[in-house]
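Asker: What shape does this take:
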Amino acid sequence: MNGLKSVCIALLFVSLFSTASNGRTWYIKPGGTGDAATIQAAIDASAPGDTILVATGTYHENLSITAPHNGICVLSEAGADATTVIAKVAGTGADFSGVDTTTTLKGFTLTGGTGAPNPENPGTFHGGGVRLYYCSPKIIANHIIDNHVEPGRGGGIQCFGSAAIIEGNVISGNSASFHGGGIHVEHGSPRIVGNTISDNEAWAGVAGPSGGGISAYYSAIVISDNLFKGNKAVTNGGAVVVDNCSVQIKRNIFTANQCGASGGGVFLFACTGEVSNNTAVLNRSGSSGGFGFLGSGSPTVRNNIVVCNNTQIAGGIGCDETTSPNFSCNDVWNNTPSNYGGCADQTGQHGNISADPRFCHLSPDDYSVAAGSPILGGECGTMGAIDMAGCSSAGPPFCEPPIGTKTSSWGGIKSIYKK
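Answerer: Purely as a prediction, here's the structure:
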C-alpha cells in the first residue's frame, strides 16, 4: 500500500474512522460478493466524495465515469500488479467525461481496450485504455498496457480538451494506427509527469507526424520526469511529437526510441516553450536522432544531454531554416553522422559543449554520471535529467554502432505537413 498513499487513502481513512462521514466507501470483490456486483455498478450508484475500493483480482469490465459521479475515487486495494481490468467488449477500458481533478483512478492494470468512436473524426476511434473527453481527472499509478486503436489515435490514453494529471503510470505496449501510440493530446493542457512510457507504436503519419510515445496538437502541455524507452513511430517523434503547442519538456530520459523521419527522441513543429534538462541517448531516426525542430517558433533548448543518437542525417539535433531554437548549455556529443544539422554547430557558444558525459553504466540503463563529469555544476548548472553524481568513476564510453534507418530529408519531412 505504500505506493498508493494519496488523497484517495485520506478519503478512505475518513470514511472508515471518522464519525463525520465524507462519503461512502464501496468495497468491490471479484465474483460480485462485495458492496456492488461490479466496479461499474458501484460507480453508477456512487455520489461525489465516495471511494470505490477494489479488491485484488481480475475484472472483465469497461468503466465509465461521468459528471454525476464527479469527485469519486476509484482505488485498488493492492495496486496495479494485483488488480486488472480487462475490457469486456470493444471500446475504451476507462471512459471519462464531465469530471475534474477531484475524480481519481488509481492502481489498476487496464488492458484490452480498442477505443471509443471519435466524434471529432467520424469513422475513427480514440483512447484504447483511457479516454478523457473534455474532462480532467487524475490518472495515477496505473499500468495501461496492450491497448490498440485502429483506425485512430491514443492507443493508451486520449486527452481531448483535457487538463488531466497523468502521473506515475506505466504506459506500455499500446498502439494507434494514426498518432500517439502511448498518449495522444488535442486542444488540452495535461500534466504528464513521472511515467514510464515504453514500447508503444504509432503506425502511420496521416496528415502529420505520428509520435510513438506521445503526440500532441494545439495544446499547452507539460511532459516532465518521464522515462521514454523503445517507442516507435513510422514518421516523426519516436518518443514525442508536438505540433503547434506550447511545451514544457523537462527532466525526461529518452532512450532507444526510433522513427522513420525526424526526431528519434523529440520532434517539435511550430512550438514555443522550453526543452530542458533532458537526456536523449541511443535514439534512431531518418534525421535528427535526438531532437528535431521544424516550423516557426523559438523554443528554449537548454541543459540537455544529446549523445550517441544515430540517423542518416543530423544525428544529434536537426533544425529547419524556418525555426530558430535558442540553444544554451547543452552537451551534444558523439552523434552519428553529426552533432548538428540544418542549424550551426553550437559547440563553444552560450555554454554548449561536446564532451563525453561519463555515464556510470549506460548499457544497463543507468543514466547517472560519474563525479567530475563535465555536465555537473559549472556556470550552466547540471545538464541532463539526473542532477547528481551516481558513481565515482564512469564505465566505458558506450554507443551502439550505426543502424540502418529509412533515409529521409528535410524536404521529405516538411512535405508531410503539406498533406
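
Asker: For the rest of this, base every contact and every neighbour count on C-alpha atoms.
Answerer: Noted.

Asker: My guess is I65 contacts A41. True?
Answerer: No: the pair I65 / A41 is not scored as a contact, 11.0 Å apart, by C-alpha atoms under 8 Å.

Asker: Show me which of those two is the more surrounded one.
Answerer: It is I65, of I65 and A41, that has more neighbours when counted by other C-alpha atoms under 10 Å, with 23 against 14.

Asker: Just give the nearest non-adjacent residue to that one, would you?
Answerer: Using C-alpha to C-alpha, 6 or more residues apart in numbering and skipping residues adjacent in sequence, the residue nearest I65 is F96, 5.0 Å away.

Asker: Spit out the contact partners of the one you found.
Answerer: 64-66, 130-133, 135, 137 (C-alpha atoms under 8 Å, 6 or more residues apart in numbering).

Asker: Go again with 10 Å.
Answerer: 63-67, 70, 103, 130-137 (C-alpha atoms under 10 Å, 6 or more residues apart in numbering).

Asker: For it, give me the pLDDT.
Answerer: Note on F96: pLDDT of 98.

Asker: hang on, it in a strand?
Answerer: Yes: checked against DSSP: H, G, I helix; E, B strand; the rest coil, F96 lies within a strand.

Asker: Let me know the distance separating it from S172.
Answerer: Here F96 is placed at a distance of 20 Å from S172 (C-alpha to C-alpha, to the nearest Å).

Asker: Please apply the same query to I386.
Answerer: 23 Å.

Asker: Neighbour count for the two, which is higher?
Answerer: Neighbours per residue (other C-alpha under 10 Å) separate I386 from S172, with S172 holding more: 26 against 19.

Asker: ok, now which ones touch that one?
Answerer: Counting by C-alpha under 10 Å, 6+ apart, S172 has contacts 143-147, 155-156, 181-182, 196-201, 213, 228-231.

Asker: In PyMOL, select just the buried ones from the residues you listed.
Answerer: The buried residues among the contacts of S172 can be selected in PyMOL (16 or more other C-alpha atoms under 10 Å) with this line:
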select buried, resi 143+144+145+146+147+155+156+181+182+196+197+198+199+200+201+213+228+229+230+231
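
Asker: Out of the contacts of S172, name the ones that lie in strands.
Answerer: Among those, the members falling in strands (DSSP state E) are 143-145, 196-198, 201, 228-229.

Asker: For the nearest residue in space to G115 that is not next to it in sequence, what is the enclosing helix or strand?
Answerer: When the adjacent residues along the chain are set aside, G115 lies closest to G128, with 3.9 Å between them (C-alpha to C-alpha, 6+ apart). Assessed by DSSP states H and E, G128 sits outside every helix and strand.

Asker: Now G128: phi and psi?
Answerer: Note on G128: its backbone torsions stand at phi -70, psi -50 [degrees, to the nearest 10].

Asker: Isn't it up against I157?
Answerer: Yes: the pair G128 / I157 is scored as a contact, 6.4 Å apart, by C-alpha atoms under 10 Å.

Asker: Identify the contacts common to these two.
Answerer: By C-alpha under 10 Å, 6+ apart, the residues touching both G128 and I157 are 92-95, 115, 144, 147, 174, 181-183.

Asker: and which of those residues is nearest A164?
Answerer: Distance to A164 across those (C-alpha to C-alpha) is lowest for I183, with 12.1 Å.

Asker: Might you report the residue contacts of the closest one?
Answerer: 126-131, 153-159, 171, 174-176, 192, 197, 200, 202, 211-216, 240.

Asker: ok so, going back, quick one: contacts for the residue nearest to G115?
Answerer: G128 sits in contact with 87, 90-95, 110-116, 144-150, 152-158, 174-176, 181-183, where contact means C-alpha under 10 Å, 6+ apart.

Asker: if we can go back for a sec, tell me what the residue nearest to I65 is bridged to.
Answerer: Beta-bridge pairing of F96 under DSSP bridges involves I65, L132.

Asker: hang on, the earlier thing: please check the contacts of G128 and keep the buried ones.
Answerer: 87, 91-95, 110-116, 144-150, 152-158, 174-176, 181-183.

Asker: Just the ones of those in helices?
Answerer: Using DSSP state H, no member of these falls in helices.

Asker: what about Q40, is that helix, strand or coil?
Answerer: Once three-state DSSP is applied, Q40 turns out helix.

Asker: make that P68, sorry
Answerer: Quick answer, by three-state DSSP: P68 is helix.

Asker: Tell me, how many residues neighbour P68?
Answerer: P68 - counted by other C-alpha under 10 Å - has 15 other residues nearby.
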